[in-house]
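Enquirer: Got a predicted structure here, sequence first:
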Amino acid sequence: MRPGRALAAIGLDALARGILVPVMSLLALEKGLTLAQLAAGLALYSAAAFLLEVPSGILADLLGRKRVFLLAQCSYGFALALFWAARGAPALYGALVLYGIAKALASGSMDALYIDSCLAQHTAGGLPRAAMRLNLWGTAGYAVGSLLGGGLNWAGQTLAGQGGGAVLPAALLLTLGVAAAGLLTQEVLPGGQSGAERGQKRRPAAALRKACAASPALPVLLGSTLFTGVALALIETFWQPRFTALLPSRSLSWLLGVLGFAYFAVSALGSVLADRLLAGHGPRGVYLAFGGLFGLGVAALSFAATPLAFGLLYLALYLAFGIATTAQSVAINADSPPEVRATLLSGQGFALQIGGFAASLGASLFADRLGVPALWQWGAGLFLAGMLVTGMLLRGGRKTK
């Protein structure tokens, strides 16, 4: 297959998900949830996602990445429809659980299909260039979606007093478009083996053990994503209400979309910069260095007292994040055998969801008591401690190898 088709499906999927990024928490609060209930709902979302994360990756390796990706779009559609119609916490919790299931099914499936197609066709630039394009298209889709979501939310509030009436139908229509794009992809592995044929000829557990034994750094790199999940969950849950509280007037709420667009744009820029950095530096070192800068940015954001300071720090930390995640992606994919790539990428998503679930659960207990800045300081501390442990384990593995 042509890698461009998978890349287009990835970009459209990011666009459809990105439309909710700047307003998801606000839409839930608009429907009557408190901050604690919002955190609890996102904990349920994270639980559903991480419980199905690895099984969905195994399913993608066994039955085919394309099939699982299309199933994810169906789940997204049902979740969005329920969120749109929901009234009260139970229905919203149900929608968030469905959204988490869809996220687990989508995680890694089309990404693995794209990476395999690039490696099979010996795409110019190799793995670093493929990883850069993957992150670039994904973040570009999220950036445009965030800008669109912020604008639709502002229009909905202005015209109808509710942002969800404009944002959620648009997200649902875009999901249908993603499914159509997914249908146009074709899954063929290196060597011409189809996804279904591959699933009949191997044992996933044995293949995973073999991959981790061949590269002891692989489980360390995958597991380190848990700490990323903690920091990201706390930022993504509370940045909207925190930024809104700093605005001098509610009429400036359209800046949510601008900031959402800008943070994905700088993440995309980070992917491009990472491609250049990786030409002369090892991916593990780049990942650790810029991961540390991301953690320091989260800590600094907790002290922002003006919208301008908040915006600048927010964008700076996501620039570092874009570089770090691209380097981590290169390091992981370089050590991942094609036959279990989707499973391993889902393992990374599993670690991310565990971290997100733990952070959301803790926030649901302490958010109203501690406040957002204190939660971010705790999250930054845990993330930096995790990166320190990751660096020590990677260095120890290099010495014993």
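Expert: Received the coordinates, thanks.
Enquirer: Poorly predicted segments of the chain, please.
Expert: Regions of the chain meeting the criterion pLDDT under 70 cover residues 1, 122-125, 160-164, 188-207, 396-401.
Enquirer: Give me the neighbour count for residue 33.
Expert: Residue neighbour count, defined by other C-beta atoms under 10 Å, stands at 19 for residue 33. Quick note: C-beta positions are derived from backbone N, CA and C, even for glycine.
Enquirer: Next, the contact list for it, please.
Expert: Contacts for residue 33 were tallied using C-beta atoms under 8 Å, 6 or more residues apart in numbering; they are 41, 89, 92.
Enquirer: Looking at these, state which has the most neighbours.
Expert: The most crowded member of those, judged by other C-beta under 10 Å, is residue 41 (24 neighbours).
Enquirer: can you tell me how far the closest residue to it other than its chain neighbours sits from residue 378?
Expert: Counting by C-beta to C-beta, 6 or more residues apart in numbering, residue 96 is the residue found nearest to residue 41 once chain neighbours are left out, at 4.8 Å. Note on residue 96: its distance to residue 378, by C-beta to C-beta, to the nearest Å, is 23 Å.
Enquirer: Quick one: the helices in the stretch 1-150 of the chain, in order.
Expert: Counting by DSSP state H, counting those that start in this stretch, the segments of the stretch 1-150 of the chain that form helices are 3-18, 24-30, 35-63, 65-85, 89-106, 109-120, 126-160.
Enquirer: mind checking the end-to-end distance for stretch 81-100?
Expert: Taking C-alpha to C-alpha, to the nearest Å, stretch 81-100 runs 14 Å from one end to the other.
Enquirer: burial of the closest residue to residue 87 other than its chain neighbours, as a residue count?
Expert: Nearest in space to residue 87, with sequence neighbours left out and distances taken as C-beta to C-beta, 6+ apart, is residue 31 at 7.2 Å. For residue 31, the tally of surrounding residues (other C-beta under 10 Å) stands at 17.
Enquirer: do residue 392 as well
Expert: Residue crowding around residue 392 was assessed by other C-beta under 10 Å; the count is 11.
Enquirer: any chance you could read off phi and psi for it?
Expert: Note on residue 392: its backbone torsions stand at phi -60, psi -40 [degrees, to the nearest 10].
Enquirer: Next one: it from residue 288, what distance?
Expert: Taking C-beta to C-beta as the measure, residue 392 and residue 288 are separated by 10 Å.
Enquirer: rewinding a little: adding distance to residue 151, write the contacts of residue 33 out as a markdown table.
Expert: Converted to a markdown table, the contacts of residue 33 look like this (distance: C-beta to C-beta, whole Å):
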| residue | distance to residue 151 |
| --- | --- |
| 41 | 25 |
| 89 | 28 |
| 92 | 24 |
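Enquirer: so which of the residues you listed comes closest to residue 212?
Expert: Ranked by distance to residue 212 (C-beta to C-beta), the contacts of residue 33 are led by residue 41 at 34.4 Å.
Enquirer: And that closest one, how far from residue 366?
Expert: Note on residue 41: its distance to residue 366, by C-beta to C-beta, is 16 Å.
Enquirer: for residue 181, same thing?
Expert: Between residue 181 and residue 366 the computed distance is 41 Å (C-beta to C-beta).
Enquirer: Next: residue 220.
Expert: Counting by C-beta to C-beta - residue 220 and residue 366 are separated by 30 Å.
Enquirer: which of these two has more neighbours?
Expert: The residue with the greater number of neighbours, taking residue 220 and residue 366 and applying other C-beta under 10 Å, is residue 220; the counts read 20 against 15.
Enquirer: Excluding chain neighbours, what is closest to that one?
Expert: Setting aside the residues directly before and after it, residue 220 is nearest to residue 393 in space (C-beta to C-beta, 6+ apart), at 4.7 Å.
Enquirer: Check residue 32 too.
Expert: The spatially closest residue to residue 32, leaving aside those adjacent along the chain, is residue 88, at 6.8 Å (C-beta to C-beta, 6+ apart).
Enquirer: Next up, phi/psi of that neighbour, please.
Expert: Phi and psi for residue 88, reported as degrees, to the nearest 10, are phi 100, psi 160.
Enquirer: neighbours around it, how many?
Expert: Other residues near residue 88 number 10, with proximity taken as other C-beta under 10 Å.
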